[in-house]
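> what's the 3D shape of this:
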Amino acid sequence: MSRFAPVALTLTFALLVLTACSSGVQGTPGGSGVRDPYFTKAGNGGYDVTHYTLDLDYDPDEEHLTGTAEITARAGKDLSAFDLDLKGMDVEEVSVEGRRARWSRNGQELVIRPHDDLDEGETFRTTVRYSGTPQTLTDPDGSEEGWLPNAAGALALGEPTGSMAWFPGNHHPSDKASYDVSVTVPKGLEAVSNGELADRSTSDGRTTFHWRTAEPMASYVATLAIGDYDITRSTVTGANGAELPVYTAVTPAQAAPARKALARLPEIMEWAEYNFGPYPFSSTGAIVSDADDSDYALETQNRPVFPGAPGTELLVHELAHQWFGNSVTPKSWRDMWLNEAFATYAEWLWQEDNDGDTAQETFDAFYDHGGEDRKNIWSFPPARPTSAAHISDPPVYERGAMVLHKIRQTVGDDTFYDIVQGWAAAHRHGNADTDDFTRYVEKKAPDEDFTAIWEDWLYGDGKPDTP
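Take a look at the predicted model:
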């Protein structure tokens with residue numbers, strides 16, 4: 001029996017050591033995903049990002065990106081580990097609060113185990129050094145996002161999850177942050193991002209652009225356009241009388257057709273502020289890329305991206321998103337209609353105010369003929385898309401706009417515009433969901449009954465019986 005004693009003693013000692021070590025561990029892993037109903041792995045639990053500092057260097061010839069991301073966040077609970085979303089790219093080093101951290105990869109998840117546990121409420125900095133060829137991602141609906149290389153450089157578009165192709169982060173609309181983005185490219189190319197250009201310098205044949213976004217921004221509306229762009233700077237007068245910087249970037253091939261469209265930007269901004277309330281950001285503008293760079297426009301914050309020169313109504317749509325989608329951002333992708341219904345209804349209102357069809361005439365046309373579209377607007381209710389592949393389908397846009405028109409019919413114009421402006425102000429730079437919106441409407445018009453609108457138009461299956 002004595003020959004087993006050393007083994008027993010060793011096992012006992014090991015158990016004591018493990019017990020002693022484990023007793024000092026207070027935190028738990030933050031978890032992958034935030035239980036979004038359509039993108040289950042998007043975002044991460046346990047913390048809230050407050051600021052991103054991205055230092056990027058891009059070689060268009062090799063399509064190679066080198067990056068350092070410093071992410072400042074606040075722990076929402078005691079953390080022993082946490083995740084960042086990063087699709088592809090080679091991770092070289094990770095540190096938390098200046099100390100090297102262990103990390104592993106699991107699909108789009110970069111799982112980080114800091115040297116020391118993080119306490120609930122603690123603000124901490126995570127630094128990730130990475131490099132590689134960023135990926136072009138394909139959405140569930142078949143469209144491309146992420147990093148879109150082109151002949152002159154690249155275009156980064158992020159809705160719904162594409163930003164994880166070029167920087168690590170908490171990539172869900174519920175977590176918004178401010179940004180500093182520095183991008184180094186070959187001399188002669190432009191690099192355009194969100195916010196305001198804080199600095200530009202050239203050395204050794206390469207130019208670095210430093211963009212700063214002070215207002216909170218969801219990562220899906222972060223953008224980066226690298227290439228041969230004609231840059232125009234101007235100002236528009238905001239509702240408070242202050243001069244608002246305008247920064248537009250247009251590829252040479254689109255310069256002539258875009259000039260006419262973008263000349264209406266000051267007029268559209270004035271109209272939008274009158275209808276929606278004060279503009280929520282510190283600059284505006286647009287990026288007009290070549291028509292084959294992407295197959296859709298996107299409401300990237302401060303300056304929407306257009307694949308080719310936009311028409312006036314498309315410019316209205318994407319600028320309206322600065323209020324509805326960028327400033328008031330959905331809590332989950334189920335609430336996409338809160339973005340698109342308002343932007344679509346902005347088009348209807350613009351037509352009404354500029355000698356086009358009235359919003360009622362547009363509503364009637366969709367009610368009578370909406371079922372003839374390639375994708376039937378009655379195929380599902382706007383607040384309940386059938387899957388991730390359908391969050392950008394016509395029911396979310398046009399039928400969503402019809403919900404807003406039904407509210408306007410019910411309450412009248414004065415109260416309707418009080419609702420629109422009040423909603424934008426109440427959730428400025430925040431997040432909201434459909435329940436928040438319906439409660440807000442009912443609070444603003446307590447004497448009205450919205451039951452039929454919610455049940456038949458917002459959540460109901462099929463075409464409502466009466467317009």
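
> now stretch 270-278 - C-alpha only, PDB.
Taking Å, rounded to 0.1, in the frame of the first residue of the first chain, the C-alpha atoms of stretch 270-278 are listed here in PDB:
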ATOM      1  CA  GLU A 270     -32.500  72.700 -44.300                       C
ATOM      2  CA  TRP A 271     -35.700  70.800 -45.200                       C
ATOM      3  CA  ALA A 272     -34.800  67.900 -43.000                       C
ATOM      4  CA  GLU A 273     -34.000  70.100 -40.000                       C
ATOM      5  CA  TYR A 274     -37.400  71.800 -40.400                       C
ATOM      6  CA  ASN A 275     -39.200  68.400 -40.400                       C
ATOM      7  CA  PHE A 276     -37.000  66.300 -38.100                       C
ATOM      8  CA  GLY A 277     -35.400  68.700 -35.800                       C
ATOM      9  CA  PRO A 278     -31.800  69.800 -35.300                       C
END
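
> show residues contacting that stretch.
If you take CB atoms under 8 Å, 6 or more residues apart in numbering as the criterion, stretch 270-278 is touched by 236-240, 279, 316, 319-320, 322-324, 346, 349-350, 353, 417, 420-421, 424-425. Where you see a C-beta, it was placed from the backbone N, CA and C, and this is true even at glycine.

> give the buried residues for stretch 83-102.
83, 84, 85, 86, 87, 88, 89, 91, 94, 95, 96, 101 (16 or more other CB atoms under 10 Å).

> just the buried ones from the contacts of stretch 270-278?
Listed as buried from those are 236, 238, 279, 316, 319-320, 322-324, 346, 349-350, 417, 420-421, 424; burial here means 16+ other CB under 10 Å.

> what's the closest non-adjacent residue to residue 334?
residue 37 (5.0 Å; CB to CB, 6 or more residues apart in numbering).

> out of the contacts of stretch 270-278, name the ones that lie in strands.
Using DSSP state E, the members of those that fall within strands are 236, 237.

> what residue ranges in this structure score low on pLDDT?
Low-confidence segments of the chain (pLDDT under 70): 1-25, 373-374.

> residue boundaries of the helices in it?
Taking DSSP state H to define them, one finds helices in the chain at 5-23, 255-262, 265-276, 312-320, 337-353, 359-369, 394, 400-411, 413-426, 434-444, 451-452.

> and the buried residues of stretch 83-102, which two are furthest apart?
The two members of the buried residues of stretch 83-102 with the most space between them (CB to CB) are 88 and 96, at 22.3 Å.

> how long is stretch 438-452 end to end?
Distance across stretch 438-452, first residue to last, is 12 Å (CA to CA, to the nearest Å).

> and for it, what's in contact with it?
Residues outside stretch 438-452 that contact it (CB under 8 Å, 6+ apart) are 407, 410, 411, 415, 418, 419, 422, 423, 426, 454, 458.

> try stretch 32-42
With CB under 8 Å, 6+ apart as the test, stretch 32-42 has contacts from 43-45, 83, 85, 106-109, 111, 160-161, 171-172, 174-175, 332-334, 385, 387-388, 391.

> same thing but 10 Å
43-46, 82-85, 106-111, 140, 160-161, 164, 170-175, 219-220, 331-336, 384-391 (CB atoms under 10 Å, 6 or more residues apart in numbering).

> now the end-to-end length of stretch 381-392.
Using CA to CA, the end-to-end distance of stretch 381-392 comes out at 12 Å.

> got a list of what residue 346 touches?
Residue 346 touches 268, 271-272, 275-276, 313, 316-321, 323-324, 401, 404, 420, counting by CB under 10 Å, 6+ apart.

> switch the cut-off to 7 Å
Contacts for residue 346 (CB atoms under 7 Å, 6 or more residues apart in numbering) come out as 316, 317, 320.

> separation between it and residue 313?
As judged by CB to CB, to the nearest Å, residue 346 and residue 313 stand 9 Å apart.

> just residue 49 next, same as before
With distances taken as CB to CB, residue 49 is found 35 Å from residue 313.

> the two: which has the busier surroundings?
A count of neighbours by other CB atoms under 10 Å puts residue 49 above the other of residue 49 and residue 313, at 22 against 17.

> save the buried residues of stretch 83-102 as JSON lines, and put in distance to residue 117 too.
As requested, the buried residues of stretch 83-102 are exported to JSON lines (distance: CB to CB, whole Å):
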{"residue": "83", "distance to residue 117": "16"}
{"residue": "84", "distance to residue 117": "18"}
{"residue": "85", "distance to residue 117": "22"}
{"residue": "86", "distance to residue 117": "23"}
{"residue": "87", "distance to residue 117": "28"}
{"residue": "88", "distance to residue 117": "29"}
{"residue": "89", "distance to residue 117": "27"}
{"residue": "91", "distance to residue 117": "22"}
{"residue": "94", "distance to residue 117": "16"}
{"residue": "95", "distance to residue 117": "16"}
{"residue": "96", "distance to residue 117": "10"}
{"residue": "101", "distance to residue 117": "12"}
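
> quick one: which of the residues you listed is nearest residue 435?
Distance to residue 435 across these (CB to CB) is lowest for residue 85, with 26.3 Å.

> surely the closest one touches residue 164?
Yes - under the criterion of CB atoms under 7 Å, residue 85 makes contact with residue 164 at 4.2 Å.

> between those two, which contacts overlap?
Common neighbours of residue 85 and residue 164 are listed as 108, 171 (criterion: CB under 7 Å, 6+ apart).

> residue 299 reaches residue 318, doesn't it?
Yes - Residue 299 lies in contact with residue 318 (CB under 7 Å); the separation is 4.8 Å.

> ok so, going back, which of the contacts of stretch 438-452 count as buried?
407, 410, 411, 415, 419, 422, 423, 454, 458.

> and these as TSV, adding distance to residue 365?
Shown next, in TSV, are the buried ones among the contacts of stretch 438-452 (distance: CB to CB, whole Å):
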residue	distance to residue 365
407	19
410	20
411	23
415	25
419	24
422	29
423	26
454	24
458	20
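
> tell me which of those is nearest to residue 188?
Closest to residue 188, out of all of those and judged by CB to CB, is residue 423, at 44.7 Å.

> which ones are touching that closest one?
Counting by CB under 7 Å, 6+ apart, residue 423 has contacts 328, 437, 440.

> ok, now residue 74?
Going by CB under 7 Å, 6+ apart, residue 74 touches 47, 48, 50, 121, 123.

> let me know the closest of those residues to residue 67.
Comparing the contacts of residue 74 against residue 67 with CB to CB places residue 50 closest, at 19.5 Å.

> hmm, residue 72 and that closest one touching each other?
Yes - taking contacts as CB under 7 Å, residue 50 lies within contact range of residue 72: 5.2 Å.

> picking that back up, sort out which of the contacts of residue 74 are buried, if you could.
Buried among the contacts of residue 74 by 16+ other CB under 10 Å: residue 47.
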